[in-house]
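Q: sequence and predicted structure below; questions after.
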Amino acid sequence: MADMYHDRFIREMQSGVKGLLQAWGLAPQSDVRLLNISENATFIARDAEAGRAVVIRVHRPGYHTREEIESELTWIDSLIEDGVISTASPLSLQSGGRIAAFRHAGEDRLVVGFEFLKGSEPAPENDLKKDFHTLGAITARLHNHTQRWTAPAGFIRKTWDFESMLGSTPLWGDWRKAMGLDARGREVLEATAARLRRHLDIYGKKRDRFGLVHADLRLANLLVDGQTLSVIDFDDCGFSWFMYDFAAAISFIEEDPQIPDLQASWVAGYRSVKPLSAADEATIPTFIMLRRLLLTAWVASHAETETAQALGPAYTQGTLRLAARYLNATPRSTESERAHDP
């Protein structure tokens, strides 16, 4: 992974993107600049002559297959066609299809273009209650859609469950390698992971609790433009628990004092569209802890990124604080816990 974050790598990705500009009808001299880089490298290409901008995502090799990317775009198509949310449309290539590619280091780098949407990311220092109420309603519409939608043959996306997040073959790395984690901290997180597994096993994966979700509704993937809240970046969409979508929405701000208010606003927004049982709402702290431990693993396995470097060992210490509270607040195995059993 280290080779994905140095300046030469970014220049090479930028060069690859420039070689593909005409595939979307952009002038070869269009300005191409990096927007962000984490799992993928995302650029914005601006064609000043045509007055047009395209967001171009270069996929990390070995993460998503071509079939998985096609499936992501298929779900986005359906959401747009059904008017479920505001999001960026995937763009077709002039030659047909929607996935381009260029060669880099002996392998194909898969590339997708999206329309550019206006808007800005909600700032965590602002009062986000209104945005989270809106986001709750949006999330409920997403869940309603996935429960009634029949995916086409060949549709494939990753599953985000305990095994793929924190199990023996985790998709985002091993939390045990977290920055600054000592033996005592590891004991705490081992106990937390065991408690999470137990609670999730009891909660189960019935169709009204588990299905296709966005899985990364964090602030960086939201755009506010006036009264419109758009959702972007479906790169992590897959099969998981519906309540996991709230946990993903507070990624990296889990200890912010306004989280209880944001959760209440999100739940109220959700219930304005779709019923949410008390038992489902009661699982939200479990999913917050699950997501936090997953992100702790991500930070450890992506240490070269600006995000991981900015968070550093302090993020691990925050995870330990949240874990201690979770262990103190949640039972090992009680009648109230069994009440969630489907």
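A: Okay, I see it.

Q: element containing the nearest residue to residue 322 once chain neighbours are set aside?
A: Distances taken as Cβ to Cβ, 6 or more residues apart in numbering place residue 292 nearest to residue 322, at 5.6 Å, with adjacent residues excluded. Using the backbone N, CA and C atoms, a C-beta is placed for each residue, glycine as well. Assessed by DSSP states H and E, residue 292 sits inside helix 284-301.

Q: packing partners for that helix?
A: Contact partners of helix 284-301 among helices and strands, from 3 or more Cβ pairs under 8 Å, 6 or more residues apart in numbering; DSSP states H and E: helix 162-166, helix 183-203, helix 244-249, helix 306-329.

Q: closest one to residue 8 among these?
A: Closest of the helices and strands packed on helix 284-301 to residue 8 is helix 306-329, at 16.4 Å (criterion: Cβ to Cβ).

Q: buried stuff in that closest one?
A: 307, 308, 311, 315, 316, 318, 319, 320, 322, 323, 326 (16 or more other Cβ atoms under 10 Å).

Q: grab the nearest non-local neighbour of the second one.
A: Counting by Cβ to Cβ, 6+ apart, residue 308 lies nearest to residue 299, which is 4.5 Å off, once chain neighbours are set aside.

Q: so who does the one you found touch?
A: 178, 179, 307, 308, 311, 315, 316 (Cβ atoms under 8 Å, 6 or more residues apart in numbering).

Q: with residue 320 instead?
A: Neighbouring residues of residue 320 by Cβ under 8 Å, 6+ apart: 185, 188, 189.

Q: does the last one touch residue 321 like I think?
A: In this case it means residue 189. No: the pair residue 189 / residue 321 is not scored as a contact, 11.6 Å apart, by Cβ atoms under 8 Å.

Q: in the protein, where's the longest strand?
A: In terms of residue count, the longest strand belonging to the chain (DSSP state E) is strand 107-115.

Q: still on that earlier bit, would you turn the contacts of residue 299 into JSON lines with pLDDT and distance to residue 158?
A: Converted to JSON lines, those look like this (pLDDT from 0 to 100; distance: Cβ to Cβ, whole Å):
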{"residue": "178", "pLDDT": "95", "distance to residue 158": "22"}
{"residue": "179", "pLDDT": "93", "distance to residue 158": "25"}
{"residue": "307", "pLDDT": "84", "distance to residue 158": "21"}
{"residue": "308", "pLDDT": "85", "distance to residue 158": "21"}
{"residue": "311", "pLDDT": "91", "distance to residue 158": "24"}
{"residue": "315", "pLDDT": "96", "distance to residue 158": "24"}
{"residue": "316", "pLDDT": "97", "distance to residue 158": "25"}
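
Q: residue 238: which of those residues is nearest?
A: Proximity to residue 238 was ranked across these by Cβ to Cβ; first place goes to residue 307, at 20.9 Å.

Q: OK, contacts around the nearest residue to that closest one once chain neighbours are set aside?
A: Sequence neighbours aside, residue 38 is the residue nearest to residue 307 in space, at 6.7 Å (criterion: Cβ to Cβ, 6+ apart). Taking Cβ under 8 Å, 6+ apart as the criterion, residue 38 is in contact with 302, 305, 307.

Q: gap between residue 38 and residue 293?
A: Distance of residue 38 to residue 293, computed by Cβ to Cβ, to the nearest Å: 18 Å.

Q: residues near the spatially closest residue to residue 313 that is not a sequence neighbour, how many?
A: Once flanking residues are discounted, residue 313 sits nearest to residue 180: 3.0 Å by Cβ to Cβ, 6+ apart. As a burial measure, residue 180 scores 12 neighbours (other Cβ atoms under 10 Å).

Q: roughly how far apart are the nearest residue to residue 87 once chain neighbours are set aside and residue 56?
A: Spatially, and ignoring its direct neighbours in sequence, residue 87 is nearest to residue 231 (5.3 Å; Cβ to Cβ, 6+ apart). Applying Cβ to Cβ, the value for residue 231 to residue 56 is 19 Å.

Q: neighbour count: those two, which is higher?
A: residue 56 (27 against 23).

Q: quick one: the helices in the chain?
A: Ranges of helices within the chain are 7-18, 66-81, 129-148, 162-166, 183-203, 244-249, 259-271, 278-282, 284-301, 306-329, 335-338, based on DSSP state H.

Q: deepest of those helices, which one?
A: Across the helices of the chain, averaging neighbours per residue (mean count of other Cβ atoms under 10 Å) puts helix 244-249 on top, at a mean of 25.

Q: so what touches it?
A: With contact meaning Cβ under 8 Å, 6+ apart, helix 244-249 is reached by 132, 135-136, 139, 142-143, 160, 213-219, 262-263, 266, 284, 287-288, 290-292.
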